[in-house]
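> return atomic coordinates for the entry below.
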Amino acid sequence: MDAKLEKQLNRLANRNKWEDIAALIEKIPENEWDMDIIEKYVHALNHSWQLDKAVAVLLRYQALGENDPLWHYQLGYAYVNLSRYDEAENVLLHGKELAKENKKVIGWIDKLLEQAAKEKEDKAKRAEAEAKRRAAYIPRDPNTPPFDGFDMTDFWDDCDNSLKDYAGAPSTDEMFAKAEQALGYKLPESYKWLMKQHNGGMVKRVLFRLPFPVPDQSDEIGITGIYGVDPAKEYSITGSNGNQFIIDEWEYPKIGIAFCDTSSCWNDMIFLDYRKCGPEGEPEVVRIDQEDNDAITYLAGDFESFIRGLVCEDTVDIADYPQFKYSPNCYENEIFVKAEVGETKICQCCGSKTKYYYASMYCRENVKVLCPHCIKSGAAAKKFNGVFIQDAESIETNSENYADKTDELFHRTPGYISWQGEYWRSHCNDYCAFIGDVGIEELEQMGIAEEVLADYATMDEYEIEEVREYLTKAGSFAGYLFQCLHCGKYFLWADAD
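The predicted model follows:
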């Protein structure tokens, strides 16, 4: 590989432009590729989630890579993230043998092997839980009217967003017939009954509790709304953001009808699943999770059972929201604002309701409400072309995973509330975790005052005497405490109004 190309590819990699790297390499005649180019190409494919393509390329050049531990690592990476765990284990173990004394590569392989073992175990647990849910399912008595005895009080949420984008005109038999013709599936009678009462809409009962939950995993799925049959509404099964859009644009598998969106910005959806019953039968209800390689989770045996399983949002807690590596206490620190009881907040990125939201961002647009999911996934930073952190203490640009660390901090971590803008401390070639607001009193109570002040004195910022005298938690001269993720050492940053 010539030096100019290598420099260009490295510059793109530092900016996480994986698709651009793949496109650039694809312009080079394949007969000119060497192992360096192949490895960079596959690395870009893996990181842009083109995993099947990465596997195909690696196997095509197996003769070149069969004695290269990095070739085995890249193939193992793709296999693990495709949930092909047995193949991954075989490839990675062989790669570990080839790596011999290369501790760095062995460390990478061990990490993947650990990931594969955990995911394989989790998959088995999910399968066991799903089997129990299926066994417990009691089919609806066909002689009993749909939703017999079901209390519809406080089910629908007729907020402005729901009325604008979800809730359609009163449903008619013609609407149902046209929807069935367009979709190629017979709609469940219980679905038709519910749509005759209210033709789609956002709901107040926004959580579905999984019977027989998997240990150590959330037993609740947050939803936003139920899609109706009015094609004039954006969020209906035949609307502009309906089933066809979900399948075509988001590339969900064609197993039935997407009828319910979730709080994760289209990263998972609730489907009527016709694989077992056929297009004329009674479909099961499943969740498809794109962040888990389109994993399909059985939720309920029919539409009515799913609706009956929904509960109100008062049960929502922090465990339902994503955690952040560099800001592990962001909910306790009230970096995310918690909406008042009964208050509806709509994320400006995904359009979903959210109980916790972030109210600022460094970007051109006036962004005041972002859900934690959109920050964690990077969707908000991408949509608004902005960042959440103003500045940070530098780490070595040639350190392992530098680009990933920097992307996670600036694009996927909420900033903390400060006077002059965030400044993030770093240590051990990584960004630190923000612990919270502190003053001298809190530092002394923790027994770390002298340690952090000694380090702070080397930064040529405020005079240590001023810090000792005036630093107050959430005061006009405020302190912000960080902790190294690797060695555990504490660090201070101070800011004044």
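
> for the stretch 101-250 of the chain, what spans make up the strands?
Counting by DSSP state E, counting those that start in this stretch, one finds strands in the stretch 101-250 of the chain at the ranges 201-202, 207-209, 220-226.

> including mean neighbour count, distance to Trp193 and mean pLDDT, could these go into CSV?
All C-beta atoms are positioned from the backbone trio N, CA, C, and that covers glycine. Output for those, formatted as CSV (neighbours: other C-beta atoms under 10 Å; distance: least, C-beta to C-beta, whole Å; pLDDT from 0 to 100):
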stretch, mean neighbour count, distance to Trp193, mean pLDDT
strand 201-202, 25, 15, 96
strand 207-209, 19, 19, 84
strand 220-226, 24, 13, 88
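
> for Tyr356, find the nearest of the ones you listed.
Tyr356 lies closest to strand 220-226 among the strands of the stretch 101-250 of the chain, at 11.3 Å (C-beta to C-beta).

> pull the distance from that closest one to the chain's centre.
Computed by C-alpha atoms, centre = their mean, to the nearest Å, the chain-centroid distance of strand 220-226 equals 15 Å.

> show me what it is packed up against.
On a contact count with 3 or more C-beta pairs under 8 Å, 6 or more residues apart in numbering; DSSP states H and E, strand 220-226 meets strand 201-202, strand 207-209, strand 256-262, strand 268-273.

> swap in 6 Å and give it another go.
With contacts defined as 3 or more C-beta pairs under 6 Å, 6 or more residues apart in numbering; DSSP states H and E, the packing partners of strand 220-226 are strand 201-202, strand 207-209, strand 256-262.

> what lines up beside the first one in the sheet?
When you say that, I think you mean strand 201-202. Strand pairing for strand 201-202, determined by DSSP bridges: strand 220-226 (antiparallel).

> same question, the longest one
For strand 256-262, the pairing partners within the sheet under DSSP bridges are strand 220-226 (antiparallel), strand 268-273 (antiparallel).

> any weak-confidence spans in this structure?
Within the chain, the segments meeting pLDDT under 70 span 215-219, 313-317, 340-344.

> quick one, what contacts the residue lying closest to Asn81 once chain neighbours are set aside?
Spatial nearest neighbour of Asn81, chain neighbours left out: Leu51 (5.6 Å); criterion: C-beta to C-beta, 6 or more residues apart in numbering. By C-beta atoms under 6 Å, 6 or more residues apart in numbering, the contact list for Leu51 reads 78, 81-82.

> follow-up on the earlier one: and of the helices and strands packed on strand 220-226, who's closest to Glu441?
That would be strand 207-209 among the helices and strands packed on strand 220-226, by C-beta to C-beta, at 40.2 Å.

> which strands or helices does the closest one pack on?
strand 220-226.

> what's in contact with the strand it packs on?
Strand 220-226 is contacted from outside by 166, 200-202, 206-209, 260-263, 320, 352-353, using C-beta under 6 Å, 6+ apart.

> and which of those is nearest Leu64?
Thr262 (43.3 Å).

> what pairs with that closest one across the strands?
For Thr262, the beta-bridge partners under DSSP bridges are Ile223.

> touching, it and Asp268? I think so.
Yes - between Thr262 and Asp268 there is a contact under C-beta atoms under 6 Å: 5.2 Å.

> so in this protein, which helix runs the longest?
If you go by DSSP state H, the chain has its longest helix at helix 103-136.

> in it, what's buried?
Within helix 103-136, the residues that count as buried by 16 or more other C-beta atoms under 10 Å are 105-106, 108-109, 112-113, 115-116, 119-120, 122, 126, 129-130, 133.

> again with stretch 198-216
Those would be 198-208, 210, 214, for stretch 198-216 by 16+ other C-beta under 10 Å.

> mind checking the end-to-end distance for stretch 13-20?
Across stretch 13-20, the terminal residues are separated by 9 Å (C-alpha to C-alpha, to the nearest Å).

> check stretch 249-263 too.
One end of stretch 249-263 sits 18 Å from the other (C-alpha to C-alpha).

> could I get the full set of helices for the stretch 251-400 of the chain?
With helices called from DSSP state H, counting those that start in this stretch, the stretch 251-400 of the chain shows them at 303-308, 372-377, 379-384.

> now, of those, which is deepest in the fold?
helix 372-377 (a mean of 24; mean count of other C-beta atoms under 10 Å).
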